[in-house]
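[1] I need the structure of the sequence given here:
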Amino acid sequence: MSFTNKQILLASRPEGEPTLANFKLRETAVPEISDGQVLVRHHYLSLDPYMRGRMNEGKSYAEPQPLTPYAGEANSYSYIPLGAGFVVSPWNFPFAILAGTAAAPIAAGNTVVLKPASETPMMGWLF
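    Prediction:
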């Protein structure tokens, strides 16, 4: 089965509010996965306020987003089963950190032991 990877790239630096003209869509074929690999499909995209600052070239705490990809750039993730893992979530982000750090090992077929911090609110323990 073949899939298409759709990437939204920053084409130009916005002046004021970003518009569609500041972005471009690039579609590439997703290579076939091998034994021991997992193909992950994202259903949602999070656009955070900090990303707006990275669209500018000015001085900031974060590096500006490059306008063009690097020559020969290829990004990939390989999830491999390694056995058991242990996740201890911090008390202040119990669900987000717990889910974020446990999802990839579980998808790869690993056993994961979840242990919220002792100060964690009830939401972390219910996960």
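
[2] List the buried residues for the longest helix anywhere in the chain?
    In the chain, assigned by DSSP state H, the helix with the most residues is helix 94-107. Residues 94, 97-98, 101-102, 105 are the ones in helix 94-107 that count as buried (16 or more other C-beta atoms under 10 Å). Heads up, the C-betas are built off the backbone N, CA and C, glycines and all.

[3] Output it in PDB with nothing but the alpha carbons.
    Below are the C-alpha coordinates for helix 94-107, written out as PDB (Å, rounded to 0.1, in the frame of the first residue of the first chain):
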ATOM      1  CA  PRO A  94       0.700  14.100  34.600                       C
ATOM      2  CA  PHE A  95      -1.400  13.100  31.600                       C
ATOM      3  CA  ALA A  96       0.500  14.800  28.700                       C
ATOM      4  CA  ILE A  97       4.000  13.600  29.700                       C
ATOM      5  CA  LEU A  98       2.700  10.100  30.600                       C
ATOM      6  CA  ALA A  99       0.800   9.700  27.300                       C
ATOM      7  CA  GLY A 100       3.600  11.300  25.200                       C
ATOM      8  CA  THR A 101       6.400   9.200  26.600                       C
ATOM      9  CA  ALA A 102       4.400   5.900  26.600                       C
ATOM     10  CA  ALA A 103       2.800   6.000  23.100                       C
ATOM     11  CA  ALA A 104       5.900   5.200  21.000                       C
ATOM     12  CA  PRO A 105       7.200   2.300  23.100                       C
ATOM     13  CA  ILE A 106       3.700   0.800  23.200                       C
ATOM     14  CA  ALA A 107       3.200   1.200  19.400                       C
END
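
[4] name the helices or strands packed onto the very next helix or strand once past it?
    Later in the chain than helix 94-107, the nearest helix or strand by DSSP states H and E is strand 111-116. Applying 3 or more C-beta pairs under 8 Å, 6 or more residues apart in numbering; DSSP states H and E, one finds that strand 111-116 contacts strand 84-89, helix 94-107.
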